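Peer 1: Need a 3D model of the following:
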Amino acid sequence: MFYLVFLLLLEGALCHQFSFIVPRNEHVCFYELGHLNYHSRIEFQVISGGNFDIDVTLKDPEGILIEEHHQESVQMIRYTPQVQGHYEICFGNTFSSLTPKTVFLSWDYKPAEQSIAGLQSINKEMFRATYNLQKLLKQLREESLFVKLKTDTSQLRASKLNSQVFFWGLINSCILVFVILIQGFIVKSFFYAKN
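Peer 2: Purely as a prediction, here's the structure:
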């Protein structure tokens, strides 16, 4: 039983989720220790900034390029480390000279499938039930995270659109008042009698 609790705690410890800002014309890199016999999954989504796109490169500890993506807004990268060491993921915003980008990053590891052949039958059933529950909770977490990110992105776009509509509405109102005043002066000049 202690082993199962430890496994669930270890699973949570091997997952990192955070948001960060990539300034304009710059790169931001992160490093993570890659473990052999672990599967790694990296998900990222551009939450705000420009056209919601960013460049991404993933390199192994020897500097060999594993994956490279250009101007992506949402992507999932799966890989199994072949070399023990620090893996590097870099996000580049070099093509945008005006706006910084806010990026959400989720980087997690899970151990390779484990054998349960040596356990007793009751422990096998409990292990299977716990493992299935863990998989379902992880799937639920991933889906709720996806919905949260989509909601945040939609809210940012709606806020930006709202400010643009307000700005153009204000300009149209000013133009309308100006035209009404000009028309009033023109009509008044028709009825102006010279002495």
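Peer 1: switch to C-alpha atoms for all contacts and neighbour counts from now on
Peer 2: Noted.
Peer 1: Find the centremost residue of the protein, please.
Peer 2: What sits nearest the mean C-alpha location of the chain, by C-alpha atoms, centre = their mean, is Gln45, with 2.6 Å.
Peer 1: Which neighbouring elements make contact with the strand or helix carrying that one?
Peer 2: Secondary structure from DSSP states H and E places Gln45 in strand 38-48. The helices and strands touching strand 38-48, judged by 3 or more C-alpha pairs under 8 Å, 6 or more residues apart in numbering; DSSP states H and E, are strand 74-79, strand 101-111, helix 121-190.
Peer 1: Need the winner for burial among those.
Peer 2: strand 101-111 (a mean of 19; mean count of other C-alpha atoms under 10 Å).
Peer 1: Direction included, what does that strand pair up with?
Peer 2: Strand 101-111 has its sheet partners listed here by DSSP bridges as strand 15-22 (antiparallel), strand 38-48 (antiparallel).
Peer 1: want to throw the helices and strands packed on strand 38-48 into TSV with distance to Asp60 and mean pLDDT?
Peer 2: As requested, the helices and strands packed on strand 38-48 are arranged in TSV below (distance: least, C-alpha to C-alpha, whole Å; pLDDT from 0 to 100):
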stretch	distance to Asp60	mean pLDDT
strand 74-79	11	86
strand 101-111	15	86
helix 121-190	25	87
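Peer 1: Nearest to Thr94 among these would be which one?
Peer 2: Nearest of those to Thr94, taken as C-alpha to C-alpha: strand 101-111 at 10.8 Å.
Peer 1: Please state the offset of the closest one from the chain centre?
Peer 2: 8 Å (C-alpha atoms, centre = their mean, to the nearest Å).
Peer 1: Which strands or helices does the next helix or strand after the strand holding Gln45 pack on?
Peer 2: Later in the chain than strand 38-48, the nearest helix or strand by DSSP H and E is strand 54-59. If you count contacts as 3+ C-alpha pairs under 8 Å, 6+ apart, strand 54-59 packs onto strand 65-72, strand 85-92.
Peer 1: out of the strands paired with strand 101-111, deepest packed?
Peer 2: strand 38-48 (a mean of 20).
Peer 1: so Gly50 touches Lys101, yeah?
Peer 2: Yes: counting by C-alpha atoms under 8 Å, Lys101 is a contact partner of Gly50 at 7.1 Å.
Peer 1: And the contacts of the strand holding Gln45?
Peer 2: 52-54, 73-81, 101-112, 149, 152-153, 156 (C-alpha atoms under 8 Å, 6 or more residues apart in numbering).
Peer 1: How far does it sit from its chain's centre?
Peer 2: For strand 38-48, the distance to the chain centre is 7 Å (C-alpha atoms, centre = their mean).
Peer 1: What's the mean pLDDT across it?
Peer 2: Mean pLDDT, computed over strand 38-48, is 87.
Peer 1: So that it lines up with my notes, have the first residue be 443 from now on.
Peer 2: Sure, I'll start numbering at 443, so the last one becomes strand 480-490.
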